[in-house]
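Student: could you look at this predicted model? Sequence included:
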Amino acid sequence: WIAPLGPNVNGFEEDLAKYSGISHCAALSSGTAAIHLALILLGIKNGDEVIASTFTFSATINPIIYQGAKPILIESESETWNMSPDYLERSIEDRIRQGTRPKAIIAVHLYGMPAKMTEIMEIANYYDIPIIEDAAEGLGAAYKGRKLGAFGDVGIYSFNGNKIITTSGGGALLSNKENYVSEARFLATQARDNAPHYEHSQIGYNYRMSNISAGIGRGQMQVLDKWVEIRRSIYATYFTALNSLPINFVEEPEDIFFSNRWLTTILFESNEKRDEIRHSLESLNIESRALWKPMHLQPIFKHFPYYGNKLSEQLFEVGLCLPSGSNLSEQEQELIIKTIKSSF
């Protein structure tokens, strides 16, 4: 079925909704498209303010700019590296004092580790601000027994080639509000009105997932829990082998946090040691990578308001993402561990 829409799209949406425990799902071309449509659904317009994590990938922030809105960047807390509830509340109070009220919050689950959703949701509910839950890196992870993506007014997933399951490129928007998802599907298919000809009364987007990609996604769903188990095993092997060294890991703070361990990330004592390890691995053709550079340090976003204590800047300076793919062999992981140990 080569046509863009077909039975696999419907099937993949049903699979995702069932897995996540969310009522409705729209399969889309990317996680970025899902965030963009979520902002449109929440009525975000030119000049509005949207709160978002600073410690994330730019795809979280770019759609805010697409809408002509203004990102308000929030620092992480030290336990999960996700949005700090403390700085979230401070930012809302400060924006209100300045005469503006943020219109939405984008909360990210970084590297598959759940954010502190209880605290974040309490704050959002108190100030009556809707939440877009960016679970692009968090599919298969859970908080208090609920799958990530199921807490916000709108949840989003990504199936990019580097995610825990992939459709090569792709994403999804999920919500328990049926009107949100039906509107997202409408906008994602060029906003074509119901008419016997091509009729358009509003701007639309080419954001729908193809039937071929959705077919790949349906196959991937059958191994998602297995991939999560493998990623968690890879993390456990790294932790056991390296934890006695002057290296820090981000651990699950309590039993209510269940990370999919999309990427294993570690912290060194200095930027010099981090770079030494990275270059040692690179010399063996092993790719590793620094943690996300915070958005408030990015040239394109640095002039937007930022609330925090620069924790993410410190993490960026000394943090490293290790090879964590589900197809990583024991021998490959042993070589990575040996290379890291040799520098100590």
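Tutor: All right, it came through fine. Residues are numbered from 1 along each chain as shown.

Student: just the strands in the stretch 201-344 of the chain please.
Tutor: Using DSSP state E, counting those that start in this stretch, the strands found in the stretch 201-344 of the chain span residues 248-249, 257-258, 264-267, 289-290, 306-307, 319-322.

Student: single out the most deeply packed of the ones you listed.
Tutor: Highest mean neighbour count of these: strand 264-267, a mean of 23 (counted as mean count of other CB atoms under 10 Å). In this view, the C-beta of every residue, glycine as well, is placed from N, C-alpha and C.

Student: by contact count, what packs against that one?
Tutor: Strand 264-267 sits against helix 224-242, strand 248-249, strand 319-322, with contacts defined as 3 or more CB pairs under 8 Å, 6 or more residues apart in numbering; DSSP states H and E.

Student: adding distance to residue 174, write the strands of the stretch 201-344 of the chain out as a markdown table.
Tutor: As requested, the strands of the stretch 201-344 of the chain are exported to a markdown table (distance: least, CB to CB, whole Å):
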| stretch | distance to residue 174 |
| --- | --- |
| strand 248-249 | 30 |
| strand 257-258 | 19 |
| strand 264-267 | 26 |
| strand 289-290 | 29 |
| strand 306-307 | 28 |
| strand 319-322 | 27 |
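
Student: look up how far residue 37 lies from residue 154.
Tutor: 8 Å (CB to CB, to the nearest Å).

Student: right, I mislabeled it, should have said residue 249
Tutor: Residue 249 is 35 Å from residue 37, by CB to CB.

Student: check which helix or strand the residue sitting furthest away from the middle of the chain maps to.
Tutor: Largest separation from the mean C-alpha position in the chain: residue 196, at 39.2 Å (CA atoms, centre = their mean). Assessed by DSSP states H and E, residue 196 sits outside every helix and strand.

Student: in space, what's closest to the residue nearest in space to the middle of the chain - neighbours in sequence excluded?
Tutor: Closest to where the C-alpha atoms of the chain average out (CA atoms, centre = their mean) is residue 136, at 3.3 Å. Nearest residue to residue 136, sequence neighbours excluded (CB to CB, 6 or more residues apart in numbering): residue 158, at 3.6 Å.

Student: returning to that earlier point: which neighbours do residue 154 and residue 37 have in common?
Tutor: Counting by CB atoms under 8 Å, 6 or more residues apart in numbering, the residues touching both residue 154 and residue 37 are residue 173.

Student: pLDDT weak spots in the stretch 1-150 of the chain?
Tutor: Of all residues in the stretch 1-150 of the chain, none has pLDDT under 70.

Student: the strands in it, which residues?
Tutor: In the stretch 1-150 of the chain, the strands defined using DSSP E, counting those that start in this stretch lie at 24-28, 49-53, 70-74, 104-108, 131-134, 142-143, 146-147.

Student: please name whichever of the ones you listed is nearest to residue 340.
Tutor: strand 104-108 (27.4 Å; CB to CB).

Student: need the three-state assignment for residue 194.
Tutor: Per DSSP: H, G, I helix; E, B strand; the rest coil, the local secondary structure of residue 194 is coil.

Student: what is the burial count for it?
Tutor: As a burial measure, residue 194 scores 6 neighbours (other CB atoms under 10 Å).

Student: which pLDDT value goes with the nearest residue to residue 319 once chain neighbours are set aside?
Tutor: In space, and not counting its chain neighbours, residue 319 is closest to residue 291: 3.6 Å by CB to CB, 6+ apart. You'll see residue 291 listed with a pLDDT of 98.

Student: residue contacts, residue 69?
Tutor: By CB under 8 Å, 6+ apart, the contact set of residue 69 is 39, 44-50, 103.

Student: quick one on the thing from earlier: want to try a markdown table for the helices and strands packed on strand 264-267, with distance to residue 171 as columns?
Tutor: A markdown table is the format used below for the helices and strands packed on strand 264-267 (distance: least, CB to CB, whole Å):
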| stretch | distance to residue 171 |
| --- | --- |
| helix 224-242 | 15 |
| strand 248-249 | 29 |
| strand 319-322 | 21 |
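
Student: who wins for proximity to residue 162 among the ones you listed?
Tutor: Residue 162 sits nearest to strand 319-322 of all the helices and strands packed on strand 264-267, at 10.5 Å, using CB to CB.

Student: looking at the strands of the stretch 1-150 of the chain, which is closest to residue 211?
Tutor: Each of the strands of the stretch 1-150 of the chain was scored for nearness to residue 211 using CB to CB, and the closest is strand 24-28 (9.6 Å).

Student: CA atoms only: put the closest one into PDB for me.
Tutor: C-alpha atoms of strand 24-28 as PDB (Å, rounded to 0.1, in the frame of the first residue of the first chain):
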ATOM      1  CA  HIS A  24      -6.500   8.900  20.800                       C
ATOM      2  CA  CYS A  25      -3.400   9.200  18.500                       C
ATOM      3  CA  ALA A  26      -2.400  10.800  15.300                       C
ATOM      4  CA  ALA A  27       0.700   9.400  13.500                       C
ATOM      5  CA  LEU A  28       2.800  12.200  12.000                       C
END
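
Student: what does it contact?
Tutor: Residues outside strand 24-28 that contact it (CB under 8 Å, 6+ apart) are 9, 12-14, 16-17, 34, 37, 170-178, 180-182, 184-185, 188, 207-209, 214, 217.

Student: now, of the residues you listed, which are buried?
Tutor: Neighbour counting by 16 or more other CB atoms under 10 Å classes 9, 12-13, 16-17, 34, 37, 170-176, 180-181, 184-185, 188, 207-209, 214, 217 among the contacts of strand 24-28 as buried.
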